[in-house]
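Undergrad: The following block contains a protein sequence and its predicted model.
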Amino acid sequence: MKKLSFILITLFLFMGLGACSQSRVPDAVKTAFVTKFPTVKKADWSREGNTEWEAEFVLNNKDMSANFDRNGNWKETETSLALSELPETVQSALRQNFSDFEAKEAAFSETPSASVYEVIIKKGTTRLEISFDADGKIVSQEKAGND
């Protein structure tokens, strides 16, 4: 019985160590992050699916996140915004197209191919994420989670 317990404990320890090594942030990702954000001293890392890593950090008193693939290629940076920080073009588009919704959260999202303002809006139990370009044109619209 003691031998079986020892084997089970050993097995669980090795399985746990394997899980820890899989969650280690690759050096290429850390290097890319430091290159892109050299003044950031602390970031909280997490996996974003099987192929990306996400760093959450504060820069210039703004909550931010940045995503990189496992090779260190930058994919996206999001900067949290107060609703009042949205450009007037976006605020106007919200009033015009979603007057019966309440704006709840906002962020500025940059990718290698585009930059958009993302706004979470709510009406009853319906939550939507709307993306706008700088001119206030709707780029995308999708259901949002209940964060």
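TA: Yep, it's here.

Undergrad: Centre-most residue in this protein?
TA: Centroid-nearest residue in the chain: Ser65, 5.2 Å away (criterion: Cα atoms, centre = their mean).

Undergrad: got a list of contacts for the helix or strand hosting that one?
TA: Taking DSSP states H and E as the criterion, the element that holds Ser65 is strand 62-69. Residues outside strand 62-69 that contact it (Cβ atoms under 8 Å, 6 or more residues apart in numbering) are 29, 32-33, 36-37, 48, 51-58, 74-81. The C-beta positions use only the backbone N, C-alpha and C, and glycine is treated the same way.

Undergrad: Walk me through which strands it pairs with, and which way each runs.
TA: strand 52-59 (antiparallel), strand 74-81 (antiparallel) (DSSP bridges).

Undergrad: re earlier: measure the residue nearest to the centre of the chain to Ala55 for me?
TA: Distance from Ser65 to Ala55, counting by Cβ to Cβ, to the nearest Å: 7 Å.

Undergrad: any low-confidence regions in the protein?
TA: Low-confidence segments of the chain, defined by pLDDT under 70: 1-23, 146-147.

Undergrad: Please, where are all the strands along it?
TA: 44-48, 52-59, 62-69, 74-81, 102-110, 115-123, 126-132, 138-143 (DSSP state E).

Undergrad: Tabulate the ones you listed in CSV, adding columns for distance to Val90.
TA: Below are the strands of the chain laid out as CSV (distance: least, Cβ to Cβ, whole Å):
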stretch, distance to Val90
strand 44-48, 26
strand 52-59, 22
strand 62-69, 17
strand 74-81, 10
strand 102-110, 8
strand 115-123, 5
strand 126-132, 5
strand 138-143, 10
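
Undergrad: can you tell me which of those comes nearest to Thr89?
TA: strand 126-132 (7.7 Å; Cβ to Cβ).
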